[in-house]
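Participant: what follows is a predicted structure for the sequence shown.
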Amino acid sequence: MSASPLRIVTYNVRYFGHMLRGLASTVGPKRRVAAALASLDPLPDVICLQEVETSSLRSNIAYRPKSPGETQLTAFMGRMVETFGLLGREMPYEAFYFRAHHYKLGEVSLYTTGLAVLVNTRKLEVATHNVAAPQAITHHHVQRLKDRKQSRICAHMRLLRREDGHPFHIFNTHLSLPTPFAREFWATRDKMGCGVNQLHEARKLTEFMHTLSGDEPYIVCGDFNSPPASPVYRFLTTDGRLTCAQAAVGQIDPNVARGFPTAGFMHMRMHLDHVFSGSGVRWLDAQETSPFGDLRSRFHGLSDHMPIIARFALDGGRTLVTPPPGLTH
């Protein structure tokens, strides 16, 4: 009997502050995002989030923490518990936070950046992770501005499917915007995914993933700030040997940059978010994934991005339960 498939979500939640145009986080968006995720059927086994804060002026100015030291992820998980409780179900997720950057003015924390991964512990066991030291992938095109640029990281988790102990890796990331300090930026009409700094980060990302995953299956997802057909996308799917989930199930044409927008800004529509995989992963569907602006989606209006939701099977490979050396839970 074949093992059951798994489901993954990647979602840029814009600090749960979309109602206030990203300027501040409020409790309402946390509740609505929690309700939307909890209503998915089947429930996702892994949820990767981008643009999640720790605690700062921006995250707390319109939301009073319930307890001292409460982080934005803790507050969101409180809404997840609340939502599942209202549904009469036990909340199955354990959350992990990966810090990226901290902007301060004196002793005042203005805002922070980071990634989060929620794991359905009924279906999966966490073997290892890099919460304490997420992999740095930032490319600094102008060294004197190094301290002012947002740090870009890659979060990593090695998971075991409880059903059979089959291991696989999850990587969550958020690439930089294209740098305006390169000549190439001004030489092309299409900017996103064409930045030389973005290509450097994509190379660092693939090197990290190939080194860490070995011959085990892996998935990488997040906000790549790069549409299909862009240089970054082409690098990831050729030199990087990655398979795009949406392309694999026929939801998008990988040669069309604007066919399926996942994000919007004013009147612009862009396909910036992706789920990719290495060998050993077979994509089954991307049901409940909707383009940005789809009024029928339960995620409409909750962020300036839409989630990508995909179901996959782990094919072949060895069943290993020993963590790679140098990593700890």
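Facilitator: Structure's in. What do you need? Because the structure is predicted, anything quoted here is derived from the model rather than measured. Residues are numbered from 1 along each chain as shown.
Participant: gap between M91 and A38?
Facilitator: 8 Å (CB to CB, to the nearest Å). Bear in mind the C-beta positions are built from the backbone N, C-alpha and C, glycine included.
Participant: looking at the two now, which is surrounded by more residues?
Facilitator: Taking other CB atoms under 10 Å, M91 and A38 do not tie; A38 has more neighbours (21 against 18).
Participant: can you pull up the bridge partners for the residue nearest to the spatial centre of the chain?
Facilitator: The geometric centre of the chain, computed from its C-alpha atoms, lies nearest to G222 (CA atoms, centre = their mean), at 3.3 Å. Per DSSP bridges, the residues bridged to G222 are T173, H274.
Participant: tell me the contacts of it?
Facilitator: For G222, the contact set (CB atoms under 8 Å, 6 or more residues apart in numbering) comprises T10, N12, C48, Q50, L115, N172, T173, H174, L175, D273, H274.
Participant: closest one to A248 out of those, please.
Facilitator: Using CB to CB, H274 is the member of those that lies nearest A248, at 11.5 Å.
Participant: so that closest one touches F224, yeah?
Facilitator: Yes: between H274 and F224 a contact is recorded at 5.4 Å, counting by CB atoms under 8 Å.
Participant: looking at the longest helix seen in the chain now, give me its mean pLDDT.
Facilitator: Looking across the chain with DSSP state H, the single longest helix is helix 196-213. Computed over helix 196-213, the mean pLDDT rounds to 96.
Participant: where does this structure dip in pLDDT?
Facilitator: Along the chain, segments meeting pLDDT under 70 span 1, 18-25, 55-69, 101-112, 140-150, 180-189, 316-329.
Participant: name the residues contacting each of M91 and A38.
Facilitator: Common neighbours of M91 and A38, counting by CB under 8 Å, 6+ apart, are M80, T83, F84.
Participant: the second one and A132, how far apart?
Facilitator: T83 sits 29 Å away from A132 when distances are taken as CB to CB.
Participant: which of these two has more neighbours?
Facilitator: Shown here are T83 and A132; by other CB under 10 Å, T83 has more neighbours (21 against 8).
Participant: tell me where the stretch 151-300 of the chain has strands.
Facilitator: For the stretch 151-300 of the chain, applying DSSP state E, counting those that start in this stretch gives strands covering 153-161, 167-174, 218-223, 243-244, 263-265, 268-270, 273-277, 281-285.
Participant: the helices in this protein, which residues?
Facilitator: 27-38, 57-60, 72-86, 183-187, 196-213, 231-237, 245-248.
Participant: comparing these, which comes out most buried?
Facilitator: By mean neighbour count, with neighbours taken as mean count of other CB atoms under 10 Å, helix 245-248 ranks first of those at a mean of 23.
Participant: for it, name the packing helices and strands.
Facilitator: Judged by 3 or more CB pairs under 8 Å, 6 or more residues apart in numbering; DSSP states H and E, helix 245-248 is in contact with strand 273-277, strand 308-314.
Participant: at 7 Å what do you get?
Facilitator: On a contact count with 3 or more CB pairs under 7 Å, 6 or more residues apart in numbering; DSSP states H and E, helix 245-248 meets strand 273-277.
Participant: ok, and what's touching the strand it packs on?
Facilitator: For strand 273-277, the external contacting residues (CB atoms under 7 Å, 6 or more residues apart in numbering) are 8, 10, 12, 218-221, 223-224, 236, 242-245, 262-263, 283, 305, 308, 310.
Participant: reformat the helices of the chain as a markdown table; add distance to G293.
Facilitator: Shown next, in a markdown table, are those (distance: least, CB to CB, whole Å):
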| stretch | distance to G293 |
| --- | --- |
| helix 27-38 | 16 |
| helix 57-60 | 26 |
| helix 72-86 | 24 |
| helix 183-187 | 27 |
| helix 196-213 | 25 |
| helix 231-237 | 21 |
| helix 245-248 | 17 |
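Participant: between those helices, which one is nearest to L159?
Facilitator: The closest of these to L159 is helix 196-213. By CB to CB, the value is 11.7 Å.
Participant: ok, and what's touching that closest one?
Facilitator: The contact list for helix 196-213 (CB under 7 Å, 6+ apart) reads 135, 137-139, 141, 152, 154, 156, 169, 171, 173, 175-176, 178-179, 182, 184, 218, 220, 225-226, 231-232, 235-236, 240, 278, 324.
Participant: just the buried ones from these?
Facilitator: 135, 137-139, 141, 152, 154, 156, 169, 171, 173, 175-176, 178-179, 218, 220, 225-226, 231-232, 235-236, 240, 278, 324 (16 or more other CB atoms under 10 Å).
Participant: near E94, how many other residues are there?
Facilitator: When neighbours are defined as other CB under 10 Å, E94 has 13 of them.
Participant: perfect, that will be all.
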